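Engineer: what follows is a predicted structure for the sequence shown.
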Amino acid sequence: MSNPDFRPGSDAQWTDLLRQLGRQANVQPQPFFYTRVHARLAAGQAQATAWLPAWVRRPAYAALLGALVLAVSGDGPAPHPGAPASQYDGYHLSQPMQLAPR
Amino acid sequence: MAYSLLLHATSELPLPAGTSASAADAALVAQLQQGNEAAFRTLVARFQDRVYSTAFSLLRSPEEAEDVAQEVFVEVYQTIGQFRGEAALSTWLYRLATSRALQHQRRQSTRKRFAFFTSLLGFTNNLLPEPPDHAHPQALLEGAQQLQQLQQQISRLPPQQQVAFTLRHEQELSYEEIAAVLGTTVAAVESLLFRARQTLRRHLQPSFRHV
């Protein structure tokens, strides 16, 4: 069975086609390429410096908010009362004393 | 890291004369890392054709190739501080150029798919973007048509095969150099090229029959 990929003539055409492809690859950028790269870098730098204050501002806002929360919340949490030592103490501490019936 | 390197303008690039290419590249990198603008200018002048033609081979569009080539040199400028010289400078640049070009390709195909999808849903009345046609009138000739067909088929190859084939047959890199760019072995490159050639010849066979 013959393989069409390896017919005589086909190889020569393939080689010629690859040679043409290689010749086509000799392309160059337009003149003043470096100037355009430099301009792109400068534009990128300008963008970076414009972006920087906004980036810096965000943590400043967060710090300000944190300070505000601390200032509003007071000195600290209220002391939690300890557990009653006995039922009597607990009664006294948590409820007003009832008067004895006459 | 964004723009950590500030280039200092100098009138001359003091590269030692008579040094080998790798030593010259190492000296160039050292000067770039010190922020020497002349070194950056030299780098661009030395590699712009190779980077541009590699991008052009993968994208077949002068505008996109220009864009990719610019991106590559901007990236070099931004990341030269991280370059440790484990690979040759040219290898690094080829790697950047091919990966950026493939990124552009992916973006382009996503855009086309999205345009197709929106046109199906009737979101837009715009026509689908036609693939760029850079055919010269001479392309009407049969040989040029075959070449165009070959270029179309190359663009349909899997990315690794496409890069290997382009670097071999358009940039004329050795198997070792291609392996270094792709970060693989020479045997793997041989396999990629074998499969790429097989696929391309199979697809081009009908047109060969009529010649």
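Structural biologist: Received, thanks. Because the structure is predicted, anything quoted here is derived from the model rather than measured.
Engineer: ok, longest helix in chain B?
Structural biologist: For chain B, the helix that runs over the most residues, judged by DSSP state H, is helix B:89-121.
Engineer: is any residue of that one near chain A?
Structural biologist: No - Helix B:89-121 lies out of reach of chain A by CB under 8 Å from any CB of the partner chain, never closer than 12.2 Å. Just so you know, the C-beta spots here come from the backbone N, C-alpha and C atoms, and that holds for glycine as well.
Engineer: and if you look at stretch B:168-178?
Structural biologist: Yes - Stretch B:168-178 reaches chain A (CB under 8 Å from any CB) through B:169-172.
Engineer: what about that stretch, how long is it end to end?
Structural biologist: End-to-end distance for stretch B:168-178, by CA to CA, to the nearest Å: 7 Å.
Engineer: now do the buried residues in the longest helix of chain B.
Structural biologist: B:89-102, B:104-105, B:108, B:115 (16 or more other CB atoms under 10 Å in any protein chain shown).
Engineer: report the separation between the residue of chain B found nearest chain A and A:Gln24.
Structural biologist: In chain B, the residue that lies nearest chain A is B:Glu170 (3.6 Å; CB to the nearest CB). B:Glu170 is 8 Å from A:Gln24, where distance means CB to CB, to the nearest Å.
Engineer: give me the more crowded residue out of those two.
Structural biologist: B:Glu170 (23 against 18; other CB atoms under 10 Å in any protein chain shown).
Engineer: surely that one and B:Ser53 touch.
Structural biologist: Yes - assessed by CB atoms under 8 Å, B:Glu170 is found in contact with B:Ser53 at 7.2 Å.
Engineer: who touches both of those two?
Structural biologist: A:Ala25 (CB atoms under 8 Å, 6 or more residues apart in numbering or on different chains).
Engineer: name the nearest residue to the residue of chain A found nearest chain B, sequence neighbours excluded.
Structural biologist: Taking CB to the nearest CB as the measure, chain A has A:Ala25 as its residue closest to chain B, at 3.6 Å. Among residues not flanking A:Ala25 along the chain, B:Glu170 sits closest, at 3.6 Å (CB to CB, 6 or more residues apart in numbering or on different chains).
Engineer: what residues does stretch B:164-177 touch?
Structural biologist: Residues contacting stretch B:164-177 (CB under 8 Å, 6+ apart): A:18, A:21-22, A:24-25, B:50, B:53-54, B:57-58, B:90-91, B:94, B:98, B:154, B:157, B:178, B:181-182, B:186, B:189-190, B:192-193, B:196-197, B:200.
Engineer: so of those, which ones are in strands?
Structural biologist: Using DSSP state E, no member of the contacts of stretch B:164-177 falls within strands.
Engineer: can you list the residues of chain B near chain A?
Structural biologist: B:2-3, B:41, B:44-45, B:48-49, B:52-53, B:56-57, B:62, B:65-66, B:69-70, B:73-74, B:77, B:143, B:146-147, B:150-151, B:169-172, B:198, B:201-202, B:204-205, B:208-209, B:211.
Engineer: of these, keep whichever come out buried.
Structural biologist: For those, buried by 16+ other CB under 10 Å: B:41, B:44, B:48, B:52-53, B:56-57, B:62, B:65-66, B:69-70, B:73-74, B:77, B:146-147, B:150, B:169-171, B:201, B:204, B:208.
Engineer: check which helix or strand the nearest residue to B:Thr98 once chain neighbours are set aside maps to.
Structural biologist: Nearest non-adjacent residue to B:Thr98, counting by CB to CB, 6+ apart: B:Val163, 4.8 Å away. Using DSSP states H and E, B:Val163 sits within helix B:159-169.
Engineer: list the buried ones in that helix?
Structural biologist: With burial defined by 16+ other CB under 10 Å, the residues of helix B:159-169 counted as buried are B:160-169.
Engineer: check these and tell me the two furthest apart.
Structural biologist: B:Gln160 and B:His169 (15.0 Å; CB to CB).
Engineer: show the pLDDT at the residue of chain B closest to chain A.
Structural biologist: With respect to pLDDT, B:Glu170 scores 94.
Engineer: find the nearest non-adjacent residue to A:Phe33, please.
Structural biologist: Per CB to CB, 6+ apart, closest to A:Phe33 is B:Gln48, 5.2 Å.
Engineer: which element is the one you found on?
Structural biologist: Assigned by DSSP H and E, B:Gln48 belongs to helix B:37-59.
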